[in-house]
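Trainee: Got a predicted structure here, sequence first:
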Amino acid sequence: MAKCFSITASRNLCYRFSFSTAGLKSTTTDLGDGTVIHCWGPKTHKPNRPTLLLIHGMGANAMWQWNDYVSRLTSKFNVYAPDLLFFGKSYTTRPERSEAFQAESVMRAMEAMGVRGRMRVVGLSYGGFVAYSMAAQFPDAVERVVIGCAGVCLEEKDTEEGLFRVKSVDEAIDLLLAQTPDKLRELMRHSLYKPPTLIIWGEHDQVFPLELAHRLKRSIF
């Protein structure tokens, strides 16, 4: 049976090359309690540069979230970009699922990699919750925090009072971790504002027939 072309696998290869070209290397740290953290970090940590920790959001991993930025940051910072637990190559057999445990695991991984001194932490979306928790748990290790698109002041009553389009945390999780095409389309409707989509295809394409363009259109609209 012929192998299918995978856009995801192809993009992963491109991102790995991009991260490596930016001076980063892939490191996997076993924390010894059933928890393993994968992280991109500098091939050579330069003591004269500040340390910048990038924490990705829900639905991504370090490469997919930060690829467009690492090359511009590695010239000024020692950049570390971990995969949070259950994303990318990071996982745990422990039962904890909170952002506090995520923060603790990332911190332990940084220590295991020999990172010393105070860090500047950037967290996007779900990563913002983890960054906030890191600052709260480890104030001596976190110098500055940048939180993007993360409602760290969320209260339980907010969903009850209709602040969000979803009615509960469980419904939000079901949406953010879409398991069906319909849920993915719903997530896109909530995530994007006036999203324009342009499909360009050769009418007489002999490699990928035009029918695939029509099929793609049907799948995203």
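Mentor: Received it, and whenever you're ready, just let me know what you need.

Trainee: Distance check, Asp30 against Phe138.
Mentor: The gap separating Asp30 from Phe138 is 21 Å, by C-beta to C-beta, to the nearest Å. Using the backbone N, CA and C atoms, a C-beta is placed for each residue, glycine as well.

Trainee: Mind checking which of these two has more residues around it?
Mentor: A count of neighbours by other C-beta atoms under 10 Å puts Phe138 above the other of Asp30 and Phe138, at 18 against 11.

Trainee: Spatially nearest residue to that one (excluding sequence neighbours)?
Mentor: Spatially, and ignoring its direct neighbours in sequence, Phe138 is nearest to Met107 (5.5 Å; C-beta to C-beta, 6 or more residues apart in numbering).

Trainee: That neighbour: what's it in contact with?
Mentor: Met107 makes contact with 134, 137-138, 141 under the criterion C-beta atoms under 8 Å, 6 or more residues apart in numbering.

Trainee: Now do the same for Leu216: helix, strand or coil?
Mentor: For Leu216, the assignment made with DSSP: H, G, I helix; E, B strand; the rest coil gives helix.

Trainee: okay, now it: neighbour count?
Mentor: 14.

Trainee: and Gly59, what pLDDT?
Mentor: On pLDDT, Gly59 comes in at 77.

Trainee: what do you get for Ser168?
Mentor: In this prediction, Ser168 carries a pLDDT score of 65.

Trainee: do Gly162 as well
Mentor: pLDDT for Gly162: 69.

Trainee: just Ile200 next, same as before
Mentor: Confidence at Ile200, expressed as pLDDT, is 84.

Trainee: re earlier: please pick the buried ones from the contacts of Met107.
Mentor: Neighbour-count burial within the contacts of Met107 applies to 134, 138, 141; the criterion is 16 or more other C-beta atoms under 10 Å.

Trainee: Narrow these to those in helices?
Mentor: Among the buried ones among the contacts of Met107, the members falling in helices are Met134 (criterion: DSSP state H).
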